[in-house]
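Need coordinates for the following:
(one chain, ligands or ions: 3)
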Amino acid sequence: MRAVLVINSGSSSFKYQLIDSESEQVLASGLVERIGDEHSGISHTVDGTKHQRELEIADHTAGFGAMMEAFSDFGPSLDDDPPAVVGHRIVHGGQRFFEPTIITDLVKINIEDLSELAPLHNPGGLQGINAAQAQFPDIPHVAVFDTAFHQTIPPAAYTYAIDTSVAERYRVRKYGFHGTSHQFVSGAAAQFLDKPLEDLRQIVFHLGNGASVTAIDGGKSVETSMGMTPIPGLVMGTRSGDVDPGALLHLLRHARMGVDDMDNLLNKRSGIFGLSGHTDMRDLAAAIDSGDEAAQAAFDVYIHRLRLYLGAYVSVLGGVDVIVFTAGVGENDATVRAAVLEKAQFLGVRIDPERNALRSHDARRISADDSAIDVLVVPTDEELEIARQAVAAIS
Ligand SMILES: Nc1ncnc2c1ncn2[C@@H]1O[C@H](COP(=O)(O)OP(=O)(O)O)[C@@H](O)[C@H]1O
Ligand SMILES: CC(=O)OP(=O)(O)O
Ligand SMILES: [Mg+2]
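Ligands and ions are numbered 1, 2, ... in the order given. Down below sits the predicted model:
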């Protein structure tokens, strides 16, 4: 088995990694940012050196082309040593895909059909697949779905209480996202604690640009905060999280908004950006430090929502053994972690401020030794998980 090429097509980004399937060493990694923007660019890291290049990248097909150029200019050469398999992150697998799936024409038709449920994500994923298949026609390509891990969520949790015939016809239900991350992180948390995954009730906060929280019982997802689409739940960088659907009807009726305006509002002009003008949590923190009141208000809304879901998920699980933070904000922002758990002392949660403040790339415990519940920071690695699942799918 040679290397695995992993392609993670986001809504406006294209991340990739070349991973040695045996040692799990990252041979090269890269990021194409701001696809569709005139200031897009690529960074390609190999042997600890980051090569950056600015160029206009119109779509994910062009992103793939920029990646191939970076490999041939900076190495390692994929011509001399092509990957054994390509793993693709596909965001929406609907009710059709429960596990990593070798990509055939029929699978592609299904992914395309599911694009209407994830218009910001699935089309880019499909472009990535087509470009990669054209480049590497003789090796298997495997789709790993964000929704797959959440297939264990029971009907009581995934059903929306609307007319069943409408819901079924239009496939309206909760699917959940970031599943690859929640799966990886919950497994790594059990490993860190040296306890069987089957014995743990976990609440995992994936706080990146997109954010979701999942209740995981014995390694199985039983509830998650995103829904049919990646809009609901937590407050995100630019996505709203939960909003009264009646308020949206009100805007459609009275604010001269059309469907596309609404889409734009909820996906791009909401979240902490909509409240403060800052998308990045680091910028929000700097604004708060400089006395910006809107920034402080946005932070308060962000934290309140996290506390709300923590309480709800403790109740869904009938208690909790482990709380885990992951992704950009969850891994790096000690202030957010402390604020979320500030009122959780009634559960027996005790955070150790020094452990919480420690910066590290490794999994670590931030709860005090006398805490009734383990609180961990576990770095996510969606690409490694996709690589593992892609290898397993072809073995
Ligand atoms: N040192 C840090 N402190 C606080 N937040 C950070 C830090 N580093 C990154 N972040 C946050 O992480 C977010 C991105 O997380 P990431 O998991 O990379 O998101 P995505 O994969 O959704 O693009 C950024 O918006 C930023 O706010
Ligand atoms: C599904 C989803 O929200 O993904 P991301 O956070 O990468 O946008
Ligand atoms: Mg991410």
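
and the host helix or strand of L384, is it in reach of ligand 1?
Assessed by DSSP states H and E, L384 sits inside helix 382-394. No: Helix 382-394 stays clear of ligand 1 (C-beta under 6 Å from any ligand atom), getting no nearer than 8.1 Å. For glycine as for every other residue, the C-beta is placed from the backbone atoms N, C-alpha and C.

So what touches that helix?
Helix 382-394 has contacts (C-beta atoms under 8 Å, 6 or more residues apart in numbering) with 1, 4, 6, 8, 15-17, 19, 21, 24, 26, 29, 84-89, 99-102, 140, 142, 144, 180-181, 183-184.

ok, of those residues, which come out buried?
Buried members of the contacts of helix 382-394, counted by 16 or more other C-beta atoms under 10 Å: 4, 6, 8, 15-17, 19, 21, 26, 29, 84-89, 100-101, 142, 144, 180-181, 183-184.

Narrow those to those in helices?
Among those, the members falling in helices (DSSP state H) are 180-181, 183-184.

Can you identify each of the strands in this structure by residue range?
For the chain, the strands defined by DSSP state E occupy 3-9, 14-20, 26-33, 41-46, 49-54, 85-90, 101-102, 141-145, 201-207, 211-217, 220-224, 322-326, 364-365, 374-377.

so can I have JSON lines of those showing mean pLDDT and distance to ligand 2?
Formatted as JSON lines, the strands of the chain follow (pLDDT from 0 to 100; distance: least, C-beta to the nearest ligand atom, whole Å):
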{"stretch": "strand 3-9", "mean pLDDT": "96", "distance to ligand 2": "8"}
{"stretch": "strand 14-20", "mean pLDDT": "96", "distance to ligand 2": "9"}
{"stretch": "strand 26-33", "mean pLDDT": "95", "distance to ligand 2": "12"}
{"stretch": "strand 41-46", "mean pLDDT": "96", "distance to ligand 2": "18"}
{"stretch": "strand 49-54", "mean pLDDT": "95", "distance to ligand 2": "21"}
{"stretch": "strand 85-90", "mean pLDDT": "98", "distance to ligand 2": "8"}
{"stretch": "strand 101-102", "mean pLDDT": "98", "distance to ligand 2": "18"}
{"stretch": "strand 141-145", "mean pLDDT": "98", "distance to ligand 2": "10"}
{"stretch": "strand 201-207", "mean pLDDT": "98", "distance to ligand 2": "8"}
{"stretch": "strand 211-217", "mean pLDDT": "98", "distance to ligand 2": "7"}
{"stretch": "strand 220-224", "mean pLDDT": "99", "distance to ligand 2": "11"}
{"stretch": "strand 322-326", "mean pLDDT": "98", "distance to ligand 2": "12"}
{"stretch": "strand 364-365", "mean pLDDT": "98", "distance to ligand 2": "23"}
{"stretch": "strand 374-377", "mean pLDDT": "98", "distance to ligand 2": "19"}
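
Next, A372: phi, psi?
phi -70, psi -20 (degrees, to the nearest 10).

check contacts around it.
Counting by C-beta under 8 Å, 6+ apart, A372 has contacts 347-350.

could you redo the last one with a cut-off of 10 Å?
319-321, 345, 347-350 (C-beta atoms under 10 Å, 6 or more residues apart in numbering).

Of all residues in this protein, which one is nearest the centre?
H178 (3.8 Å; C-alpha atoms, centre = their mean).

measure that residue to A211 for me?
8 Å (C-beta to C-beta, to the nearest Å).

can you list residues touching both of those two?
225-226, 230, 327.

Which one (most neighbours) among those?
Neighbour counts for the shared contacts of H178 and A211 (other C-beta atoms under 10 Å) peak at M226, which has 28 neighbours.

Who are the contact partners of the residue nearest to K268 when sequence neighbours are not counted?
Nearest residue to K268, sequence neighbours excluded (C-beta to C-beta, 6 or more residues apart in numbering): T238, at 5.1 Å. Each residue near T238 by C-beta under 10 Å, 6+ apart is listed here: 11, 209-210, 266-274, 279.

ok, now I153?
147, 159, 173-176, 214-215, 220-224.

For ChimeraX, what selects the buried ones among the residues you listed?
Only the buried entries of these go into this ChimeraX selection, using 16+ other C-beta under 10 Å:
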select :147,173,174,175,176,214,215,220,221,222,223,224
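
Could you provide the contacts of I153 in CSV, with additional columns for distance to G48?
Shown next, in CSV, are these (distance: C-beta to C-beta, whole Å):
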residue, distance to G48
T147, 35
T159, 49
R173, 45
K174, 42
Y175, 38
G176, 36
T214, 34
A215, 38
K220, 38
S221, 36
V222, 41
E223, 41
T224, 36
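
Could you tell me which residues within the helix holding L384 count as buried?
382-391, 393-394.

quick check, nearest of the contacts of T238 to ligand 1?
N209 (3.3 Å; C-beta to the nearest ligand atom).

Which pLDDT value goes with that closest one?
We have a pLDDT of 90 for N209.

Tell me if I'm right that it and R239 touch.
Yes: the pair N209 / R239 is scored as a contact, 8.6 Å apart, by C-beta atoms under 10 Å.

So the two - more neighbours on which side?
Legend: neighbour count by other C-beta under 10 Å for N209 and R239, higher for R239 (27 against 19).
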